[in-house]
Each structure stands twice: as C-alpha cells, then as structure tokens.
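Novice: Generate a structure from the sequence data that follows.
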Amino acid sequence: MARLVLVCGPTGVGKTTYSLSLSKDVEGIRFSIDPWMQTLFAQDMTSLDYSWMIERVNRCYEQIWQVSEQILGINGNVVLDLGFTTKEQRDLFSKRAEKMGINAEIHYLDAAKDVRKRRVNKRNIEKKSDVYAFEVTDMMFNFMEPRFEVPDQDELKYGLRINT
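Specialist: Now for the predicted structure:
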C-alpha cells in the first residue's frame, strides 16, 4: 500500500532533515518546496509579499501533486516537505490522497521558537547543501512565525507529533 506523508511544522523545526531521513526509511520519493521556489521564483521576488509568494507556492504544489499522484498510483511512497503552513494546504493533499484510497499521514514537527531560531542561524552559516536552499533572514523568520497553523487532533489521526 502506498504511503503519503505530509511533513509540517514552523520555520527551523527540521522538516527537511526529517524528510530526508524518512524518505530513506520508507523508500519514498521526497519533494521539498524550498528548492522549487528558489529555482523558479527567487530571482523574481522583489519584496516579502505573502500573497505573491503563496500564489507561486500553490503553483508548485500542483506540479508536485501531479508527479506524486503518479508515484502513489504505482504503490510508491511519497514524502512531501512542502511547509504545509495552513490546515487548508494540508487538507488539499489529504483529500486528494483520500480519493486514491490513501490516508495521508501528517507528521507535525515541533520545537521551541528559540531552538528553531538557533537552528536557522546555524543553517544560514553552514549552508549545507542537503538542507540549505536559501538564507532565512530574521525578517523572513518573524514574518512566517504567526502564519503556521498547528494541526489539530483530527488532522493527526493517521500521523504523529514529533518534538525535535
């Protein structure tokens, strides 16, 4: 049976590191939103405009889903490291999977804000290629912080909460 795992959590919680490990463990194909956004749209971004950014994130989501659906359709496993900032974003993929007879697993990663901020600062300095797509500035970190919606118990019925 194919598995679809949606990895979510606030900035700096370790979604990409976790997704890299999980995709190996479940022999799944991993998609991460950061390199897509960096490659396709970073040069065009003139300011930190959430509506501009989320519209492009949604475009990437559509392309990523088209490929994921094919992988799931042949009983492959998929790990999505797409941020999933809002319940609406998570529900979109969960409902699509449900139509395929798959219960999407939401893996919610959590850590204290100060811990996450230290991790982001370290990542910005080290620029390790497997987890670093772009520098996350203080402005970006603070901008995204209030936008993350914590999954409720219903969302986690097939998933887990992990403190990192």
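Novice: Residue 24: neighbour count?
Specialist: Applying other Cβ atoms under 10 Å, we find 11 residues neighbouring residue 24. C-betas here are computed from N, CA, C, even on glycine.
Novice: Give the buried residues for the lengthiest helix in the chain.
Specialist: Looking across the chain with DSSP state H, the single longest helix is helix 50-73. Residues of helix 50-73 classed as buried: 53, 56, 57, 60, 61, 64, 65, 68, 71, 72 (neighbour count, 16 or more other Cβ atoms under 10 Å).
Novice: cool, and stretch 34-43?
Specialist: By 16+ other Cβ under 10 Å, the buried positions in stretch 34-43 come out as 34, 36, 37, 41.
Novice: Let me see the residues that make contact with that stretch.
Specialist: Contacts to stretch 34-43, defined as Cβ atoms under 8 Å, 6 or more residues apart in numbering, come from residues 16, 53, 56, 57, 60, 63, 64, 81, 133, 134.
Novice: Provide a list of residues in contact with residue 12.
Specialist: Neighbouring residues of residue 12 by Cβ under 8 Å, 6+ apart: 111, 115, 116, 117, 119, 120, 123, 136, 141.
Novice: so, if you compare those residues, which one comes nearest to residue 155?
Specialist: residue 111 (18.7 Å; Cβ to Cβ).
Novice: Surely the closest one touches residue 163?
Specialist: Yes - if you go by Cβ atoms under 8 Å, residue 111 and residue 163 touch, sitting 6.5 Å apart.
Novice: thought residue 60 was touching residue 33?
Specialist: Yes - applying Cβ under 8 Å, one finds residue 60 in contact with residue 33, separated by 6.0 Å.
Novice: so what sits against both of these two?
Specialist: In contact with both residue 60 and residue 33: residue 82, using Cβ under 8 Å, 6+ apart.
Novice: What segments of the chain are helices?
Specialist: Going by DSSP H, the chain shows helices at 15-25, 33-41, 50-73, 87-99, 113-126, 138-144.
Novice: Give me the neighbour count for the closest residue to residue 3 other than its chain neighbours.
Specialist: Nearest-residue entry for residue 3: residue 77, 4.4 Å, with adjacent residues in sequence omitted and distances by Cβ to Cβ, 6 or more residues apart in numbering. Neighbourhood size, residue 77 [other Cβ under 10 Å]: 19.
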